[in-house]
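Chemist: Test case, fold it:
(one chain, ligands or ions: 1)
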Amino acid sequence: MKIPGIQFGSKKAEMAIDPVCKMQVDVSNPPGGKSEYQGKTYYFCSPGCRTSFQKEPEKFLKSTTPQPM
Ligand SMILES: [Zn+2]
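Modeler: Residues are numbered from 1 along each chain as shown. The predicted structure follows:
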């Protein structure tokens, strides 16, 4: 399965959204590491967010609503 990258103007880095705090995380160097859940990879801004996600991933995925900036 391929996850489409999000492009930001001239920036080429692929970004992902931290499902816990909704921050943008550089997938090539996620400060909080990454975690796989149900075949999808999630990236985190900090180890704390990753720990929260791994404890209750569904809680964060359920409330994931795309919010316009
Ligand atoms: Zn976070």
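Chemist: now for the strand ranked longest in the chain, which elements pack on it?
Modeler: Determined from DSSP state E, the single longest strand within the chain is strand 11-17. Identification of packing neighbours for strand 11-17 by 3 or more C-beta pairs under 8 Å, 6 or more residues apart in numbering; DSSP states H and E yields strand 6-8, strand 24-26. Where C-beta positions appear, they are placed from N, C-alpha and C, glycine not excepted.
Chemist: which of those has the lowest average pLDDT?
Modeler: Lowest mean pLDDT within the helices and strands packed on strand 11-17: strand 6-8, a mean of 56.
Chemist: Sticking with Phe53, tell me its helix or strand.
Modeler: Taking DSSP states H and E as the definition, Phe53 sits inside helix 47-55.
Chemist: Enumerate the positions of that helix that are buried.
Modeler: For helix 47-55, the neighbour count (16 or more other C-beta atoms under 10 Å) marks 49-50, 52-53 as buried.
Chemist: Now flag whichever of these is closest to Asn29.
Modeler: Comparing the buried residues of helix 47-55 against Asn29 with C-beta to C-beta picks out Arg50 as the nearest, at 14.3 Å.
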